[in-house]
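Participant: Sequence and predicted structure below; questions after.
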Protein chains: 2
Amino acid sequence: MSSEKLVYLFSEGNASMKELLGGKGANLAEMKSMGLPVPPGFSITTAACMEYFRNNGELSSELQEEVKEKIKVLESETGRKFGDPKRPLLVSVRSGAVISMPGMMDTILNLGLNSDTVEGFAAETGDRRFALDCYRRFIQMFGEVVLHIEYYDFEEIIQKEKKNSGAETDADLSEASLENVVEMFLNKVKEKTGRDFPQDPWEQLDMAICAVFDSWNTPRAKVYREANRISENLGTAVNVQAMVFGNMGDDSGTGVAFTRNPSTGENRIYGEYLLNAQGEDVVAGIRTPQPLEKLKEELPETYQQFLDVSRKLETHYRDMQDIEFTIERGKLYLLQTRTGKRTAPAAVKVAVDMVENGIISKEEALLRVTPEQIEQLLHRQIDPAAELEILSKGLPASPGAASGQVAFDADTAENWSREGKKVLLVRQETTPDDIHGIIASEGILTSRGGMTSHAAVVARGMGKPCVCGCEELEIDERSHSLSINGVYLNEGDKLSIDGATGRVIQGDVPMVDPVIDKDFQAILKWADEVRQLSIRANADTPEDARKAVEWGARGIGLCRTEHMFFDSDRLPVVQEMILSGSKEERGGYLKQLLPMQQQDFKDIFKEMIGYPVTIRLLDPPLHEFLPDREELLQELARLRETGNREELHRKEMLWQKVKTLYEMNPMLGHRGCRLGLTFPEIYQMQVRAALQAAAELIEEGVEKDKILLEIMVPLVGHVNELKEMRSKMEETAGEVLKEKGMEIPYTIGTMIELPRSCVTADEIVQEADFFSFGTNDLTQTTFGFSRDDAEAKFLPFYLQNKIITENPFMEIDREGVGELVKLACQRSRQVKDDVKLGVCGEHGGDPRSIEFFQHVGLDYVSCSPYRVPVARLSAAQAALRS
Amino acid sequence: MSSEKLVYLFSEGNASMKELLGGKGANLAEMKSMGLPVPPGFSITTAACMEYFRNNGELSSELQEEVKEKIKVLESETGRKFGDPKRPLLVSVRSGAVISMPGMMDTILNLGLNSDTVEGFAAETGDRRFALDCYRRFIQMFGEVVLHIEYYDFEEIIQKEKKNSGAETDADLSEASLENVVEMFLNKVKEKTGRDFPQDPWEQLDMAICAVFDSWNTPRAKVYREANRISENLGTAVNVQAMVFGNMGDDSGTGVAFTRNPSTGENRIYGEYLLNAQGEDVVAGIRTPQPLEKLKEELPETYQQFLDVSRKLETHYRDMQDIEFTIERGKLYLLQTRTGKRTAPAAVKVAVDMVENGIISKEEALLRVTPEQIEQLLHRQIDPAAELEILSKGLPASPGAASGQVAFDADTAENWSREGKKVLLVRQETTPDDIHGIIASEGILTSRGGMTSHAAVVARGMGKPCVCGCEELEIDERSHSLSINGVYLNEGDKLSIDGATGRVIQGDVPMVDPVIDKDFQAILKWADEVRQLSIRANADTPEDARKAVEWGARGIGLCRTEHMFFDSDRLPVVQEMILSGSKEERGGYLKQLLPMQQQDFKDIFKEMIGYPVTIRLLDPPLHEFLPDREELLQELARLRETGNREELHRKEMLWQKVKTLYEMNPMLGHRGCRLGLTFPEIYQMQVRAALQAAAELIEEGVEKDKILLEIMVPLVGHVNELKEMRSKMEETAGEVLKEKGMEIPYTIGTMIELPRSCVTADEIVQEADFFSFGTNDLTQTTFGFSRDDAEAKFLPFYLQNKIITENPFMEIDREGVGELVKLACQRSRQVKDDVKLGVCGEHGGDPRSIEFFQHVGLDYVSCSPYRVPVARLSAAQAALRS
């Protein structure tokens, strides 16, 4: 039993009460207080919803009492009465969660109609056909949403009646036909539920409220919340509002509009409407609506009124709005306003425009663009130079290009995606039940529905490419095939879409790198002004280094030297080096590798003049450079057959070495500094190469202080490892510098990628100038997960069953791995407060991980070059939020 | 420059000053203060030694000054003068480290002799031959120890002189011969060093002191310290003492004795002596000495005096003493006393006897026996029923039996041991240079030397079996072979010894379990009274469980259920279970396994009535139960040849499964609770089996509170894993209990074997009744070491190069792994202060690790059954020390 107020009239609330009233209710209240035309109504709070769940799905008598009082207020404001056979009060019942979840919750219109009130309503409106249509819609919606009767059970009746009466569309159904339909609907309800359709409006209302509450827990709502990280404990509010009718003839209508273009961000109102229709007709995408501009011709006054209202709303909310409206006999009513979802380019453009217009500050602008949107902007696009086989064109519903294998249903899409296939989901139209398939797909293509259809809205929200309403697309669900303009494709065939243009293209398409436009540049520049973390990139080649700098990296945080060893002209030398029987022999091959590695380093340093370059010494176990065990075994069998003795001998020696180097768990084996310690000559060659490369550049005129060389020892777990390596490397460096007669500054540090190195960071730091957290390996060892095995074997199961909520290789596990990182930061800084701390694992480019790294006080993050802009923005947001 | 006193007369010190005066010096001072006959002398402190090292190996003038003063005191006490040609003061210079290191440091006797004083000494003693013999010994010792001239250079001269003069032994050399020898020795010194033998006694003394200091840093001393965990920073004292002579004729002699038998612990004096000899002759084992009892006949008065002194010393020191003495013309002098090293059985017997005689307390007794000695007592012995081919018999120098491949030198022994071979080191006699070979060997066999020879003393100290003085053994070092009584063996052949009886046995011998005698029982009983940690055993079979209880375990801390799966009649069913295509099919095979597993548990519970049994659910990855990948591949190739289609089909299916289950890093793969979560039916079967087994026993009349079932989930890293498993297991348990209509208490806990579970122990503990630290896997993940790979690839290198000082799989790594264990204890107890905490990794049986576990507050340790007594004592010692 609660003593709080459970129901608020719109006139009692405001926009700040979202948590209690839900987004929709709070905004309706706010609009009411702004004096905008909102039909009267009230919100049942989210607290009431959670109480209802605690109450095992029963409405408390307190709640029922409060609802009754508020209905009284509606009655007095509208001059109608709930259940009155003459002037019945009709209401809509809609969900309103705290965070907007488009299309996920259920709505009931025209509640209050029954076989009595429908006649009073008919008399009042003077349109019995209209009243009957409202009634049959109500029965249908209530039947589906509250009584869980299938859509098809009702649709079948309508189709039959249309056929019998020769009507082509629903609108052609006569009053008599609708009377039949209502009759049959009521019978169907009795047949399916075993009881009469509830005629008491109060009972209807109670049942509808329960249904809205219950819809919080539908699987589709849960999937959405999961995908969007929305807490299960928020609950939903219920909004009960006096009905207005967009289907009262051609001076009525309903529509949705954005105050700016949600796709491009252009500062121009953008929307769609349908005359003589109820709201659900637009959102559901069943009839293709008109662009808003057309309203100017059809109802110019109302159009102007809407323009004024939308400008007022945007100014008031200081952000682009997404507005639902209804026109009843020429009069405009607002049914909802909310922050408009937008594509990545639109997000950037709107934010920058609003800063330039003085509406918001730069800081606000930075928080308005999500790192995910930045990532989308960095998605590769279809190569403009490519010759494309364009099959058709639909609506450009969500930008970006996608290629994949055609799947016709969400389950197939999901299954294929798990198997690692890239999938393009192709549907007539999507429904909330398809959510898991949309999540799993590269992009969505539909044959029906407009720019605000379910598919379009959801895809834009997720940043997935989407093409909607491609009418030339015909899907044959039975044979799992499609045809477009005479081209037939089967399930599994490749197809591409371009969500920015609406093009549908046969087969795979070549992609190109994205461009960074001026708005994008502006946001990133502001991000750089705000952020505290430095941004570096992981780069192993001069090309990557160049790209990294272009995208705003100011240093290389991880240069993996082994990648150079895998080069095809070097691998044979590397293999000979490994096969060497003695240190001397090995030294010979290392001498061959030295100039190559030196050139590698020189080329990279050249790109990074003035920026630090962290060179990680050889990390993988040596057997990674040798041929695959099983292939070799088969080759040996073959050679024994064919009898090529010389080759056989070579391969047998190779096999011996492969066997000797074989490891049970190479991830935990003879690699990193363990290799460096047992074969010091390898690291010495690498250190020599790096310093000689630096020396060469200095000889060529580069200032020596502009080469910022950081030598990084991988996989240190014990201070003595680093101590020993450091002394060996300093010895080699000393030799080179002496030979060159130069002083080249360099620092020596280590990766922190083992739990032991975190725990003993206070010891290790005594030998280190810097630490770079290798959070990939640290995650593997902390969890005891081999990433390859885990992601193939049990991690999907874990994620699906919520044993862990995020893949810890994508987003840092704060409680476990993060705790060790924090410990290492604290312990090392206690001993050496100026030790440079960074991260070079994949997490360095993950927004939520970056927030954590800001929190624990790292100096820099390093990520793949293509994620550098994401990291720049994320770092800025982290700084703003901290 | 130091202002502290650097030199102490014996009369200025006492036994408590060991750190400063070294063990030998402090005990000489103590004996002096007890009024015992100790020749006058003084100790140069260990502080002076460390200052000498800091001073780059130079004696400070302060030190030289102090030494001079003390020599003056010696001169006045003896009525002699240092360097006086008439009545020269002769001194011994001996090292005296803080912790006794037998044979490791060098000694010089008769210092002060030169070509002048030797004549005065001759005149004084009236025995010029004796004086010359002393002089040549001095030159030889000084030459070897101070001037680093080879032993053979001097020995060659003596051999030549013996041959020329027809002398059989050294003692047969005439005065004239000795004069020749001295002459030739002096020439040899000049030849080897390029300068004359120092004639100035002060120079001799300075050089000798330096040599003793320097000997602290010889490789052999370092090896000993490393093996015995003695700090490098202690330094050694130097004892300078007026000479007494055991070689002044047949009323003179020298010997060593233990106040009790160091081999058996029997309370009877035990020693050896040689008449007319200097001290080194006994210790070096070159002449075979007489048992002490014989002295009763030869010098009855002196014998009685010695008995009195030795009783006095033991009572004074409250422990068995190891005494060096010299008899000069019938007068007894004590040159050293120290705590006697003893075998494991002797340690136990002496400790228990002394408690029974009221000399020491039980707590002291517990601290007098080392866990390593307990371990030795548990070594397997030669099966008394075995038919042995006894080749010969030597002295039973250190008990225990050993079998191994014969190696004739320390280097070979060490190399072979690294290769994993068991080695028996066979030498004529050992010297300190053989230390590393002794450490590496299973046992030692020598053809010369007595019970107090180097080999015997060192072997006893290390608890290695040793047989000495086996005179029938002839070693041919050139051909690397030996013969005993006509049997010829080559290097690498197998040979066994029984150190308790002195038997030398051909080939390998069958071994049996040790017995626990009454003294041993007493010590363990006292340990149980004192210790706070409970002791459990890791046991997977009823046999192991029984053994564990016999040896004092009071519970099973780890029962590995997978070991039951490997049983040959079960493996096929397990394989079919793994190959099952569906949950249903798998369920069928699990049903077959259920009664087997149930019987396993029942048999174990029966042995453990009243004691807790921790059942660990299946841990290894499923592929461990399938055939080896490569073998299967080869079999497939064979089957394709022979064309057995049915078999081929089966193997191909198997191959598919093996391929599917293959993991890159199985240690970090799909195992433990990851398996339990993805295939819950396996764990459910195991839980059912356990509860049904308990139910059966209860039905058979066992009280239900006497079955203490603890179900343990392996490899939990996240609380949700345990939460999910717990609910599944409780469901199954509930079913069984309902079926049986019984209440059977059980608890559910988890292993803590991942860094993440340590860090998040506060969360995990909310779902756990107990934690058991799996420190094997925790060490693997914390270090990022795969044990198999590390121990084969780089760990030996790490240990050898001191990158880490202990194998972390043997002794817990306190700084890293231990820190995580500590963290987990703190965090879990903060949330649930009564959570039961234990350890079941191999460290549970390691003394130093147990000390750590006591320190962090665990409730119990669990180890292999055969280590239970070691754990009992270690836990008691840990409690006493904490």
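Facilitator: Received, thanks.

Participant: going forward, measure contacts between C-alpha atoms and count neighbours the same way
Facilitator: Noted.

Participant: near chain B, anything from the helix or strand hosting residue A:586?
Facilitator: Here residue A:586 sits within helix A:583-607, counting by DSSP states H and E. No: judged by Cα under 8 Å from any Cα of the partner chain, helix A:583-607 stays clear of chain B, getting no closer than 15.7 Å.

Participant: Which strands or helices does that helix pack on?
Facilitator: helix A:542-550, helix A:571-579, helix A:680-699 (3 or more Cα pairs under 8 Å, 6 or more residues apart in numbering or on different chains; DSSP states H and E).

Participant: Just say which of these is most tucked in.
Facilitator: Of the helices and strands packed on helix A:583-607, the one with the most neighbours on average (mean count of other Cα atoms under 10 Å in any protein chain shown) is helix A:680-699, at a mean of 22.

Participant: give me the number of residues near the nearest residue to residue A:26 once chain neighbours are set aside?
Facilitator: Nearest non-adjacent residue to residue A:26, counting by Cα to Cα, 6 or more residues apart in numbering or on different chains: residue A:15, 4.6 Å away. Applying other Cα atoms under 10 Å in any protein chain shown, we find 19 residues neighbouring residue A:15.

Participant: mind listing what residue A:15 touches?
Facilitator: A:23, A:26-27, A:29-30 (Cα atoms under 8 Å, 6 or more residues apart in numbering or on different chains).

Participant: one step back: quick one: name whatever helix or strand follows the helix holding residue A:586.
Facilitator: Next element after helix A:583-607 (DSSP H and E): strand A:612-616.

Participant: Direction included, what does that next one pair against?
Facilitator: strand A:556-560 (parallel), strand A:708-713 (parallel) (DSSP bridges).

Participant: For whichever helix or strand comes after the shortest one, give the mean pLDDT please.
Facilitator: Pointing back at strand A:556-560 there. Downstream of strand A:556-560, the next assigned helix or strand under DSSP H and E is helix A:562-565. On average, the pLDDT along helix A:562-565 is 82.

Participant: now what about helix A:562-565, what contacts it?
Facilitator: With Cα under 8 Å, 6+ apart as the criterion, helix A:562-565 contacts A:540, A:570-571, A:574, A:597, A:600, A:617-620.

Participant: Got a ChimeraX select line for the buried ones in those residues?
Facilitator: Applying 16 or more other Cα atoms under 10 Å in any protein chain shown to those leaves a buried subset, and the ChimeraX line that selects it is:
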select /A:540,571,574,597,600,617,618,619,620
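
Participant: Please name the strands paired to the helix or strand hosting residue A:237 in the sheet, noting orientation.
Facilitator: Per DSSP H and E, residue A:237 falls inside strand A:236-242. Strands that pair with strand A:236-242, judged by DSSP bridges, come out as strand A:41-44 (antiparallel), strand A:91-97 (antiparallel).

Participant: what's the offset of it from the middle of its chain?
Facilitator: 29 Å (Cα atoms, centre = their mean, to the nearest Å).

Participant: quick one: buried residues of stretch A:406-416?
Facilitator: So for stretch A:406-416, counting by 16+ other Cα under 10 Å, buried means A:406-414, A:416.

Participant: One more: stretch A:418-436?
Facilitator: A:421-432, A:434-436.

Participant: Now, those residues that are in helices?
Facilitator: A:435-436 (DSSP state H).

Participant: Closest to residue B:653 out of the buried residues of stretch A:418-436?
Facilitator: residue A:421 (25.2 Å; Cα to Cα).

Participant: Can you list phi and psi of the closest one for me?
Facilitator: phi -80, psi 150 (degrees, to the nearest 10).

Participant: what's around residue A:665, how many residues?
Facilitator: 22.

Participant: brain fart, residue A:173
Facilitator: By other Cα under 10 Å, neighbour count at residue A:173 equals 20.

Participant: and if you look at residue A:537?
Facilitator: Residue A:537 has 33 nearby residues by other Cα under 10 Å.

Participant: That one looks like it's in a strand, true?
Facilitator: Yes: with DSSP: H, G, I helix; E, B strand; the rest coil as the criterion, residue A:537 is part of a strand.

Participant: Please spell out the segments of chain A that come in under the pLDDT threshold.
Facilitator: Applying pLDDT under 70 to chain A picks out residues A:1-3, A:100, A:102-105, A:279-287, A:380, A:432, A:452, A:461-463.

Participant: Which residue does it have closest to chain B?
Facilitator: When scored by Cα to the nearest Cα, chain A has residue A:665 as its residue closest to chain B, at 4.3 Å.

Participant: For the residue lying closest to that residue once chain neighbours are set aside, give me its contacts.
Facilitator: The spatially closest residue to residue A:665, leaving aside those adjacent along the chain, is residue B:665, at 4.3 Å (Cα to Cα, 6+ apart). Residues counted as contacts of residue B:665 (Cα under 8 Å, 6+ apart) are A:664-667, A:786, A:789.

Participant: Then residue A:740?
Facilitator: residue A:695.

Participant: What residues does the stretch 701-850 of chain A have near chain B?
Facilitator: Residues of the stretch 701-850 of chain A lying near chain B (Cα under 8 Å from any Cα): A:717-718, A:720-721, A:724, A:754-757, A:759-760, A:780-786, A:788-790, A:793-794, A:797, A:803-804, A:815-817, A:819-820.

Participant: before we move on, the earlier item: any chance of the contacts of residue B:665 in a markdown table with secondary structure as columns?
Facilitator: Converted to a markdown table, the contacts of residue B:665 look like this (three-state DSSP):
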| residue | secondary structure |
| --- | --- |
| A:664 | coil |
| A:665 | coil |
| A:666 | helix |
| A:667 | helix |
| A:786 | coil |
| A:789 | helix |
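
Participant: from those residues, which is closest to residue B:828?
Facilitator: For these, the nearest to residue B:828 is residue A:786 (26.6 Å; Cα to Cα).

Participant: Just give the nearest non-adjacent residue to the closest one, would you?
Facilitator: Nearest one to residue A:786, counting by Cα to Cα, 6+ apart, is residue B:668 at 4.9 Å.

Participant: Equivalent analysis for residue A:57, please.
Facilitator: residue A:210 is the one closest to residue A:57 (Cα to Cα, 6+ apart), at 7.4 Å.

Participant: I figured that neighbour hits residue A:59, correct?
Facilitator: Yes: counting by Cα atoms under 8 Å, residue A:59 is a contact partner of residue A:210 at 7.4 Å.

Participant: Close to chain B: what parts of the stretch 551-700 of chain A are there?
Facilitator: A:663-670, A:674, A:678.

Participant: any chance of the residues you listed in a markdown table, with distance to residue A:43 too?
Facilitator: Shown next, in a markdown table, are these (distance: Cα to Cα, whole Å):
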| residue | distance to residue A:43 |
| --- | --- |
| A:663 | 65 |
| A:664 | 63 |
| A:665 | 60 |
| A:666 | 60 |
| A:667 | 57 |
| A:668 | 59 |
| A:669 | 62 |
| A:670 | 65 |
| A:674 | 66 |
| A:678 | 72 |
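
Participant: hang on, the earlier thing: would you mind listing the residues in contact with the residue nearest to residue A:786?
Facilitator: A:780, A:784-786, A:789.

Participant: Now list the buried members of the residues you listed.
Facilitator: A:780, A:784-786, A:789.
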